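Trainee: here you go, sequence then predicted model.
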Amino acid sequence: MFETLLVTFREGLEAFLMVAVATLYLRKTGREALIAAVRSGLGVSVAGSVLLGVLLAQIGSMSPLWEGILALIAAATVVWCVGHMRKMGKHMGAEISGGLGKASLLDGTKAWWAVFGFICFMVGREGIETAAMLAALAGNSELRHMTMGGVTGVALAGAVAWAWVRFGRTVDLSRFFSVTAVFMLAFAVLLVFRAFFEFTEIALIPGIDNTFWHDAATPFAEGIYAQWASVLLVLAPTVWLLAAHLMDRNTKLQAI
């Protein structure tokens, strides 16, 4: 549940922020009629991501081999996602504004479809990453727990995105993405470990005693240690961000 919450919160926040920036840009430039294209693009992207996630989860449940492969794909996706956000995060607004600016200059329905396609691409990219990560978790998680974590993560992402739009610079998104990046990379390490666990179950790794290592890894992949790791992936960055916020607030109060 907690791993699902972390993934959907972070990736959902990126998607919601993209939609928020796009909507604000269209309103600022007097192109409110194209906001419907943004909403439609968001809906199609979310639906497509859910279908992809279900498909990948079904493939992963076929055998430990596929579960291990999906875990490695998800780990690589996490690393790419963190690197991409560190590189492009500061320029996200300019990228969205530039893309929408070109699309909205087209005539009539062409502008609508251009904006729709642009949002599908931008949000769909986040959706594909999320689907790959969640599919890797599906084999070792109950559907009820994943649903709870996913709904909670999306709700929190929507709340933070709304707060950013409503209160602007008082929400430090740069710090949020920097802190969560550390724990997303830790999550990637756990996914690699999970792949190792699945591969040793079918004696796929040469040169080692696969049975011994599979038994040794079980508490860390599916037991109590895995559960504690999932909790810490959410609790640790939350405490970190809260402490940093309180320290900043205290510093501002002392400066008054």
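Mentor: That came through fine.

Trainee: who's in contact with residue 247?
Mentor: Contact partners of residue 247, counting by Cβ atoms under 8 Å, 6 or more residues apart in numbering, are absent. C-beta: built from backbone N, CA, C; applies to glycine.

Trainee: and it, how far from residue 240?
Mentor: 11 Å (Cβ to Cβ, to the nearest Å).

Trainee: what does residue 94 give?
Mentor: 29 Å.

Trainee: what do you get for residue 119?
Mentor: Using Cβ to Cβ, we find residue 119 at a distance of 32 Å from residue 240.

Trainee: now the helices: where do they sit in the stretch 1-150 of the chain?
Mentor: Applying DSSP state H, counting those that start in this stretch to the stretch 1-150 of the chain gives helices spanning 2-28, 35-60, 64-88, 92-104, 108-138, 143-167.

Trainee: wait, doesn't residue 149 sit right on residue 4?
Mentor: Yes: contact criterion Cβ atoms under 8 Å: residue 149 and residue 4 qualify, at 3.3 Å.

Trainee: who touches both of residue 247 and residue 240?
Mentor: Common contacts of residue 247 and residue 240 (Cβ under 8 Å, 6+ apart): none found.

Trainee: picking up where we left off before, more neighbours, residue 119 and residue 240?
Mentor: Applying other Cβ atoms under 10 Å to residue 119 and residue 240 shows that residue 119 carries more neighbours, namely 28 against 15.

Trainee: that one: what's it in contact with?
Mentor: 18-19, 22, 37-38, 40-42, 45.

Trainee: in the stretch 1-150 of the chain, where is pLDDT below threshold?
Mentor: 1-2, 60-62, 88-93, 95, 138-143 (pLDDT under 70).

Trainee: make it 90
Mentor: 1-39, 41-43, 45-150 (pLDDT under 90).

Trainee: count of residues packed around residue 131?
Mentor: For residue 131, the neighbour count with other Cβ under 10 Å is 25.

Trainee: again, but for residue 178
Mentor: Counted with other Cβ under 10 Å, residue 178 comes out at 15.

Trainee: now it: which helix or strand?
Mentor: According to DSSP states H and E, residue 178 maps onto helix 173-201.

Trainee: what helices and strands are in contact with that helix?
Mentor: Judged by 3 or more Cβ pairs under 8 Å, 6 or more residues apart in numbering; DSSP states H and E, the packing partners of helix 173-201 are helix 2-28, helix 64-88, helix 108-138, helix 210-221, helix 224-255.

Trainee: which parts of that helix are buried?
Mentor: Within helix 173-201, the residues scored as buried using 16 or more other Cβ atoms under 10 Å are 173, 176-177, 179-181, 183-184, 186-188, 190-201.

Trainee: give me the angle between that helix and helix 2-28.
Mentor: 140 degrees (axes from the mean of the first three to the mean of the last three Cα atoms, to 10 degrees).

Trainee: still on that earlier bit, closest one to residue 49 among the helices and strands packed on helix 173-201?
Mentor: For the helices and strands packed on helix 173-201, the distance to residue 49 is smallest for helix 108-138, at 2.9 Å, taking Cβ to Cβ.

Trainee: residues of the closest one that come out buried?
Mentor: 111-112, 114-120, 122-138.

Trainee: what residue is smack in the middle of the chain?
Mentor: Nearest to the geometric centre of the chain sits residue 11, at 2.3 Å (Cα atoms, centre = their mean).

Trainee: let me see the contact set for the nearest residue to that residue once chain neighbours are set aside.
Mentor: Among residues not flanking residue 11 along the chain, residue 130 sits closest, at 4.3 Å (Cβ to Cβ, 6 or more residues apart in numbering). Neighbour list for residue 130: 7-8, 11-12, 49, 53 [criterion: Cβ under 8 Å, 6+ apart].
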